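Colleague: Task: produce atomic coordinates for the following.
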Amino acid sequence: NKASTKLLGYHSDELIGQAMRDYIVDPSYRENLIEKLSQDKQVKITDLPMRHKDGRVVHIEVVLNLTTFGGEAAILGFCRDRTDELAALRAEQDKTATLRLLRKVAVAANEADSLQMVIKVCLEEICRYCGWPVGHALLPDSNTGLLESSGLWYFENEKEYQHLKHWYAGMQFAPGEGLPGQVLASKKPVLLPDASSDSGAPRNHLKEGTSVQSAFAFPVLVDDQVTAVLEFISPLKDNISKYLVDVLKPLSMQLSRVIERQRAQASLQESYDHYQRLVNDIDAIVWESSISGDVVHFVSASVSKILGYQPGQFYTTGFWEQLIHPDDRFEAVRKATSKSKALENYDIEYRMFHADGSIVWMHDVVRIRHDRDPAKRRKYGVMLDVTEKKNLSAELEYQATHDSLTSLYNRDAFERRLRVLLD
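Modeller: All right, here's what the predicted structure looks like:
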């Protein structure tokens, strides 16, 4: 009828006498349609790709009935155009698949312990999303900056594509060389619907019977520098989804965040290690506790060298007090308690027992870290061994007040003592 013009672009007069199967795109339908119709008497095809007069493919829903007309066998068909409907359905499916892909990569990025783990997940999920058999990651050489294989691959069938590993082994790509080099130079995704024209595509290095017809790759950028290139390969020409470009940017950003997080963690660990070396190498005990002093949060390793105890022993409540000399304990605890309650800084000197039983004079410099939240307030201090200073001071005082020959008080000291007694 006249609807054929709207459906396929042909006037009804142009179709009368023509074999309709010649307009069907998929050859499998051409061969099997009549046979299936003769068996079932009715055939319904929800998506029959047919060639429009202008050359484009339209998707038709067809219901065919085997009947008779004028005593002869005939086929009565009803058709409707589903092109827009199916396009919308595929778009929705692609959107759902895209969200699923981004979610899986995001979860991997948040949970993975290393960049390699995230890349492996990304390679597999992108290949599954695209229906492509091979994914590969390249990383810049730390010395030359040239791209080389990271050894991270995804294969749908590793035996079929194992030659790729051999071809990439030892290969390096400078900016502009091959597909990876093009990405390195442009810092943008590069899509090759026809990889046969690309000199860097490994099309001649596969098992006989396979070929590389399509390829694409995209960069992972951190601070505008290429830190990785992910490359994907297909044996089918023009096998790149139009939605792919929209997916690559958020994927690249996810991987970039992983690298940035790892770098931040490495920098933080380096700073922490530097702090630990600094704190533990100085000849002083660095410590931190709650304001009350009941909970010790940190004691530097130098306590072992100065007092002979392990840092962990000071995490026991009351351990610090027990080490203070009995003659100094009351005043040291009193001052520490009163100053801490008032949130005031203080310095204090007292004697402590070394693990070997000897006496060590400590000068404790204590500072308060204020916070609006009382639970976050802390006090921290530096305990300096001043034993040598104290001994020297005592020696000088002794020499100033005693006769070097008799070891008795000298005249000046005797007179001062006498005046004090008389007063």
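Colleague: now the helices: where do they sit in the stretch 151-300 of the chain?
Modeller: Along the stretch 151-300 of the chain, the stretches classed as helices by DSSP state H, counting those that start in this stretch are 158-161, 163-168, 178-186, 244-281.
Colleague: Mean pLDDT and mean neighbour count added to those, as JSON lines?
Modeller: Yep, even glycine has a C-beta here, placed from its N, CA and C like the rest. Below are the helices of the stretch 151-300 of the chain laid out as JSON lines (pLDDT from 0 to 100; neighbours: other C-beta atoms under 10 Å):
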{"stretch": "helix 158-161", "mean pLDDT": "83", "mean neighbour count": "15"}
{"stretch": "helix 163-168", "mean pLDDT": "85", "mean neighbour count": "16"}
{"stretch": "helix 178-186", "mean pLDDT": "92", "mean neighbour count": "22"}
{"stretch": "helix 244-281", "mean pLDDT": "82", "mean neighbour count": "14"}
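Colleague: Adding distance to residue 214, write the ones you listed out as TSV.
Modeller: Conversion of the helices of the stretch 151-300 of the chain to TSV gives the following (distance: least, C-beta to C-beta, whole Å):
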stretch	distance to residue 214
helix 158-161	14
helix 163-168	15
helix 178-186	11
helix 244-281	11
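Colleague: got a list of what the closest residue to residue 81 other than its chain neighbours touches?
Modeller: Distance criterion C-beta to C-beta, 6 or more residues apart in numbering; nearest residue to residue 81, sequence neighbours excluded, is residue 7 at 5.6 Å. Residues counted as contacts of residue 7 (C-beta atoms under 8 Å, 6 or more residues apart in numbering) are 58, 60, 79, 80, 81.
Colleague: tell me which of these is nearest to residue 192?
Modeller: Taking C-beta to C-beta as the measure, residue 192 lies nearest residue 58 of those, at 28.7 Å.
Colleague: isn't residue 152 right next to residue 119, touching?
Modeller: Yes. Between residue 152 and residue 119 there is a contact under C-beta atoms under 8 Å: 5.2 Å.
Colleague: More neighbours: which of those two?
Modeller: Set side by side, residue 152 and residue 119 give different neighbour counts by other C-beta atoms under 10 Å, the larger being at residue 119 (24 against 19).
Colleague: Now do the same contact list for the more buried one.
Modeller: In this structure, residue 119 makes contact with 137, 150, 152, 228, 230, 255, judged by C-beta under 8 Å, 6+ apart.
Colleague: want to throw those into TSV with distance to residue 290?
Modeller: Conversion of the contacts of residue 119 to TSV gives the following (distance: C-beta to C-beta, whole Å):
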residue	distance to residue 290
137	48
150	48
152	47
228	46
230	50
255	42
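Colleague: Could you tell me which of those residues belong to strands?
Modeller: When DSSP state E defines the strands, the subset of the contacts of residue 119 inside them is 137, 150, 152, 228, 230.
Colleague: ok, residue 130 - how many residues close by?
Modeller: Applying other C-beta under 10 Å, we find 21 residues neighbouring residue 130.
Colleague: I meant to write residue 9 there.
Modeller: Number of residues near residue 9 (other C-beta under 10 Å) recorded here: 15.
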